[in-house]
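In: following is a predicted model, sequence given first.
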Amino acid sequence: MSDRRDALKGLASLTVLPALAQHQHGDEGKSAPAALSAKFFSAAELRDLGEWVELILPRTETPGAKDAKVHYLIDGLCHRTPAAGKEWRATLAWLGKQKGSREQVLARISTESKSAGAEHFKRLKDTTIEQYYLTREGLQAELGWNANTYVAEFKGCTHKEHR
């Protein structure tokens, strides 16, 4: 795939991106903590999570998910929400037991539906994308948003399927 937008289009065609549509406010604009240390995951789990999120949003001409410290943001979510932590631990354990390279595992489970793999892939993809676009790297480097433009009127989404 030639660029990040092509990669995102490919991922979006595999499954819906409800995390973006059902965005939960409260963590907007927060980047990874300055003192980067695991709060929930072990060092090995955090390292693995970093590798998985980088496969979802790899570095191109703009920073990737690992550059944006998305794995630390997910660690923080899990630290604050024990139920989410339990789900993420299950996802990392399940992914770690799969045969083949990480790329092969993602390629396989991205096409599944109503399976454990599909559920784990959805959690990984949706959370990675949602957290990435809450960071400076996602908002500014990727989207070019600098919060310095006056908008007299915002008409909302112009896609006919969202009206």
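Out: Received, thanks.

In: contacts, neighbours, all on C-alpha from now
Out: OK.

In: low-confidence ranges, the chain, go.
Out: Applying pLDDT under 70 to the chain flags the ranges 1-35, 163.

In: and the helices in it?
Out: Assigned by DSSP state H, the chain shows helices spanning 4-14, 18-21, 43-56, 70-80, 82-96, 102-109, 116-132, 136.

In: separation between Ser101 and Ala116?
Out: Using CA to CA, to the nearest Å, Ser101 is found at 18 Å from Ala116.

In: brain fart, Lys155
Out: 39 Å.

In: now distance to Ser37 and mean neighbour count too, for the helices of the chain, in JSON lines please.
Out: JSON lines is the format used below for the helices of the chain (distance: least, CA to CA, whole Å; neighbours: other CA atoms under 10 Å):
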{"stretch": "helix 4-14", "distance to Ser37": "28", "mean neighbour count": "13"}
{"stretch": "helix 18-21", "distance to Ser37": "26", "mean neighbour count": "13"}
{"stretch": "helix 43-56", "distance to Ser37": "9", "mean neighbour count": "18"}
{"stretch": "helix 70-80", "distance to Ser37": "8", "mean neighbour count": "22"}
{"stretch": "helix 82-96", "distance to Ser37": "16", "mean neighbour count": "15"}
{"stretch": "helix 102-109", "distance to Ser37": "24", "mean neighbour count": "15"}
{"stretch": "helix 116-132", "distance to Ser37": "17", "mean neighbour count": "20"}
{"stretch": "helix 136", "distance to Ser37": "19", "mean neighbour count": "20"}
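
In: I'm done for today, thanks for sticking with me.
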